[in-house]
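Engineer: A structural model of the following input is requested.
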Amino acid sequence: MRVKFDEQLKELHVELIKMGSLCEEAISLSAKALEGGPEAEALARKVSPLEYEIDQKEREIEGRCMRLLLQQQPVATDLRIVSAALRMISDLERIGDQAADIAELTPYITEETAQKELPISQMARCAVSMVTGSVDAFVREDLDLARKIIQEDDQVDAYFSEIKEELIQCIVEKTIEPKAVLDLLMAAKYFERIGDHAVNVAEWVEYSITGVHKSSEHHGIGFYEENA
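Structural biologist: Reported below is the predicted structural model:
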């Protein structure tokens, strides 16, 4: 039974990596589309099918987790891992939604606007790195990496603040249409939320390893913590 459970756990890890990769691709495509150019709309159109795949993957992994819980006899550590995975896929699904929301803004951002020197691409790369790192931390059971990802959110937040200030300046100087400013600010906000979801994933990784979840320490989340 233990060997079978370990094999199914490895399969769960593989599926989570696939879901994380789909999220990474969706974020990267939406960020590239925001840069404008002749291929911008074509790139943006590729995001919606990825969002669908991410939704499908969430349902598949949820079913896999439930079978693990019902068909096997998991010990406390196993229960933490599976329950953490169930929470993580919810955040990964939201990341897919937000990548699609960013892609939908592409038609409203003009070439001139896209060429403004805003660190949106850098913000997107940082968000992608956080998503990749948080899933890797789960698969590798790497507590240090999970905590590193949580700290990296400060950089995403810093990018958002910088973009917001620069867009305010654009309004003052009337160098960008107000509607375009709102679209760009909304795109930056979606990237900032993606960073937040990556932090959530990393915090569930931390819980799967330690048995304690930072934001829920006093609400029973640490129920399955082992004494051994």
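Engineer: Same question for the helix or strand hosting Gln56: list its buried residues.
Structural biologist: Mapping Gln56 onto the secondary structure by DSSP states H and E places it in helix 47-71. Residues of helix 47-71 classed as buried by neighbour count (16 or more other Cβ atoms under 10 Å): Val47, Leu50, Glu51, Glu53, Ile54, Lys57, Glu58, Ile61, Arg64, Cys65, Leu68. Heads up, the C-betas are built off the backbone N, CA and C, glycines and all.
Engineer: JSON lines please, covering those and showing pLDDT.
Structural biologist: Listed next are the buried residues of helix 47-71 as JSON lines, based on pLDDT from 0 to 100:
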{"residue": "Val47", "pLDDT": "97"}
{"residue": "Leu50", "pLDDT": "97"}
{"residue": "Glu51", "pLDDT": "97"}
{"residue": "Glu53", "pLDDT": "98"}
{"residue": "Ile54", "pLDDT": "98"}
{"residue": "Lys57", "pLDDT": "97"}
{"residue": "Glu58", "pLDDT": "97"}
{"residue": "Ile61", "pLDDT": "97"}
{"residue": "Arg64", "pLDDT": "93"}
{"residue": "Cys65", "pLDDT": "93"}
{"residue": "Leu68", "pLDDT": "87"}
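Engineer: and which of those residues is nearest to Glu7?
Structural biologist: Taking Cβ to Cβ as the measure, Glu7 lies nearest Leu68 of those, at 10.8 Å.
Engineer: residues contacting that closest one?
Structural biologist: Phe5, Gln8, Leu9, Leu12, Pro74, Asp78, Val82 (Cβ atoms under 8 Å, 6 or more residues apart in numbering).
Engineer: Check the contact between the first one and Asp78; I expect there is one.
Structural biologist: Spelled out, that is Phe5. Yes: contact criterion Cβ atoms under 8 Å: Phe5 and Asp78 qualify, at 6.8 Å.
Engineer: Quickly name whichever of the contacts of Leu68 is closest to Ile102.
Structural biologist: When those are compared for distance to Ile102 (Cβ to Cβ), Leu12 wins out at 28.6 Å.
Engineer: give the contact list for the closest one.
Structural biologist: Taking Cβ under 8 Å, 6+ apart, one finds Ile61, Arg64, Cys65, Leu68, Val82, Ala85 in contact with Leu12.
Engineer: What of Leu29?
Structural biologist: Going by Cβ under 8 Å, 6+ apart, the list of residues near Leu29 reads Leu43, Ala44, Lys46, Val47, Leu50, Ala99, Ala103.
Engineer: now, which of the buried residues of helix 47-71 sits nearest Ala187?
Structural biologist: Looking across those and measuring by Cβ to Cβ, the closest to Ala187 is Val47, at 12.6 Å.
Engineer: Check which helix or strand Gly37 maps to.
Structural biologist: Under the criterion DSSP H and E, no helix or strand holds Gly37.
Engineer: for it, phi and psi?
Structural biologist: Main-chain dihedrals, Gly37, degrees, to the nearest 10: phi 100, psi 170.
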